[in-house]
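[1] from the sequence below, what's the structure:
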Amino acid sequence: MTRSFQKLNEEKVFKDPVHRYIHVRDRLIWDLIGTSEFQRLRRIRQLGTTFLTFHGAEHSRFGHSLGVYEITRRVIDIFKYRSLWDDSETMIALCAALLHDVGHGPFSHSFEKVFGTDHEKYTQKIILGDTEIHRLLNEQGDGFAEKVADVIGKTYPNRLVVSLISSQIDADRMDYLLRDAYFTGVSYGHFDMERIWRVMRSQDDQIVYKLSGMHAVEDYIMSRYQMYWQVYFHPVTRSAEVILTQILHRAKVLYQNDFRFKHTPTPLIKLFEGEMELRDYLKLDESVIMYFFQAWQEEKDTILSDLCCRFMNRRLFKYVEFTPELIGSKDELTGAFREAGIDPDYYLEVDSSSNSPYDLYRPGEEGERQPIQLLMPDGTLHELSQESDVVGSITGMRRTDCKLYYPKDRVLDLPDDSQSKRKIREILGI
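    Next up, the predicted model:
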């Protein structure tokens, strides 16, 4: 029996630059948007440090989360029209779509790298913990909050619902490609989303695509590939991420060594101690982190002060390709940095980025995803790369890019007669 969820007396809409309008008709969705945990996403950028490369990339995870909800809502409507959807799953899917990123911390992945947090686990904690979100979901009874958390954790029994939120073509990816392309001002992330919707079908508990829509799927995959290499893995953005990571790491080390901060990072202390509770985590956003970065420019610790000045004023590290020859010289380069009084632990960093545009299913592998299946005219399913020459040529291909980041200005400011300066310049080719 399908449970009835309360509707709003009047539809609410958000004006959106990507989807034009985001429609909210359900009381539960409207109330979830109004919670403090969801409103916090306004203060977390969708693309972390990318705003230092593409100045328009100031959009938030709040807008992205609304976009994922809207795409999911529209796809469900299409499936309902084709009698491919069980309406009892609708609110579970819509809530999971809306809340899928609610556990992100400030600067997301850089933050996770230093403190060992996991935004998906925090999302589940927020859904199941002592939060406004949990109270609203729990009021629906029948283990509703647990079901939403299971969709986030990819353990929900209906794989069709999970695949709407997390698959090789899902509402999350569709929105962030279009939204990130819009706000960064690039053309790479555009694809024909409505055409993909038109060829979507449900079969064997998964989303499949009619053969006639194969070229729209190809276009989506290539758009995603281009966005990763032209935007998400941009070397300047990675330089900013390196500095941000080093700031957080330095602050953590200083705290653990009883350094007396002029501006004590009280909101971060529980993180430094590895004992952060959910209520403390939810107090963190990028305005908090940026306040301390601004204040720490005045700290007595020269490394912390310098790194914060670099981040706040966009004096980023330069980079060179981390070639096999440079790998062989890394120890020598590290020694030259130390001799020059430039701490290599904070000023010499190798950053590696890799991405596969399309993966076949590999059971048991981390981040495994089901392959994209094409629905043939005879009703059988063929895996995408079997039919597409374009996708077949890139299937399983993993491109990796390694760069060595360093403060070129510090190197060039060394005395001209410095042996370490000559050695560094010789190794780095500057």
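
[2] OK, contacts around the closest residue to residue 240 other than its chain neighbours?
    Using C-beta to C-beta, 6 or more residues apart in numbering and skipping the chain neighbours, the partner closest in space to residue 240 is residue 49 (3.7 Å). Any C-beta I mention is one placed from the backbone N, CA and C, and that applies to glycine too. Neighbouring residues of residue 49 by C-beta atoms under 8 Å, 6 or more residues apart in numbering: 107, 110, 237, 240, 241, 244.

[3] repeat that with 10 Å
    Taking C-beta atoms under 10 Å, 6 or more residues apart in numbering, we find residue 49 in contact with 57, 107-110, 234, 236-245, 311, 316.

[4] filter those residues to the buried ones?
    Among these, those buried by neighbour count (16 or more other C-beta atoms under 10 Å) are 57, 107-108, 110, 234, 236-245, 311, 316.

[5] output the contacting helices and strands for the strand or helix carrying residue 225.
    Using DSSP states H and E, residue 225 falls within helix 214-227. Other elements packing on helix 214-227 under the criterion 3 or more C-beta pairs under 10 Å, 6 or more residues apart in numbering; DSSP states H and E are helix 171-184, helix 193-199, strand 206-210, strand 349-355, helix 384-387, helix 389-394.

[6] state the mean pLDDT of the second one.
    For helix 193-199, the mean per-residue pLDDT is 95.

[7] before we move on, what about the longest one?
    Confidence for helix 171-184, expressed as mean pLDDT, is 97.

[8] how about stretch 221-232?
    If you average the pLDDT over stretch 221-232, you get 92.

[9] repeat that for stretch 403-416.
    Stretch 403-416 comes out with an average pLDDT of 96.

[10] could you pull out the helices in the stretch 301-430 of the chain for me?
    302-312, 324-328, 330-339, 344-347, 384-387, 389-394, 408-412, 419-428 (DSSP state H, counting those that start in this stretch).

[11] just checking, what packs against the last one?
    This means helix 419-428. Using 3+ C-beta pairs under 10 Å, 6+ apart: helix 419-428 touches strand 318-321, helix 324-328, helix 330-339, strand 399-406, helix 408-412.

[12] still on that earlier bit, so how far is residue 84 from the residue nearest to residue 240?
    41 Å (C-beta to C-beta, to the nearest Å).

[13] contacting residues for residue 238?
    Residues counted as contacts of residue 238 (C-beta under 10 Å, 6+ apart) are 49-50, 53, 232, 316-317, 319, 349, 351-353, 401, 403, 405.

[14] quick check: it vs residue 57, distance?
    Residue 238 is 14 Å from residue 57, where distance means C-beta to C-beta.

[15] got it, and residue 200?
    Using C-beta to C-beta, residue 200 is found at 29 Å from residue 57.

[16] now, of the contacts of residue 238, which are buried?
    49, 50, 53, 232, 316, 317, 319, 349, 351, 353, 403, 405.

[17] among the contacts of residue 49, which ones are in strands?
    Counting by DSSP state E, no part of the contacts of residue 49 is found in strands.

[18] before we move on, the earlier item: so which of the helices of the stretch 301-430 of the chain gets nearest residue 376?
    Nearest to residue 376, of all these, is helix 384-387, at 8.3 Å by C-beta to C-beta.

[19] in that closest one, what counts as buried?
    Buried-residue list, helix 384-387, by 16+ other C-beta under 10 Å: 384, 385.

[20] with stretch 37-45 instead?
    Within stretch 37-45, the residues that count as buried by 16+ other C-beta under 10 Å are 37, 38, 40, 41, 43, 44, 45.

[21] what about residue 94, which SS state?
    Here residue 94 is helix, with the state taken from DSSP: H, G, I helix; E, B strand; the rest coil.

[22] was I right about it contacting residue 148?
    Yes. Counting by C-beta atoms under 10 Å, residue 94 touches residue 148, with 9.5 Å between them.

[23] residues shared between the contacts of these two?
    Listed as contacting both residue 94 and residue 148 by C-beta under 10 Å, 6+ apart are residue 32.

[24] more neighbours: the two, which one.
    Higher neighbour count among residue 94 and residue 148: residue 148, with 30 against 24, using other C-beta atoms under 10 Å.

[25] how about the helix or strand hosting that one: buried residues?
    Element membership for residue 148, per DSSP H and E: helix 144-152. Of the residues in helix 144-152, 144, 145, 147, 148, 149, 150, 151, 152 count as buried by neighbour count, 16+ other C-beta under 10 Å.

[26] need those residues in CSV with distance to residue 129 and pLDDT, can you?
    Listed next are the buried residues of helix 144-152 as CSV, based on distance: C-beta to C-beta, whole Å; pLDDT from 0 to 100:
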residue, distance to residue 129, pLDDT
144, 15, 97
145, 10, 98
147, 16, 97
148, 13, 98
149, 10, 98
150, 15, 98
151, 17, 97
152, 13, 97
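
[27] distance to residue 63 for these - can I get that in CSV?
    Converted to CSV, these look like this (distance: C-beta to C-beta, whole Å):
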residue, distance to residue 63
144, 26
145, 25
147, 26
148, 21
149, 23
150, 26
151, 21
152, 19
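
[28] and the residues you listed, which is closest to residue 101?
    Residue 101 has its nearest neighbour among the buried residues of helix 144-152 in residue 152, at 9.7 Å by C-beta to C-beta.
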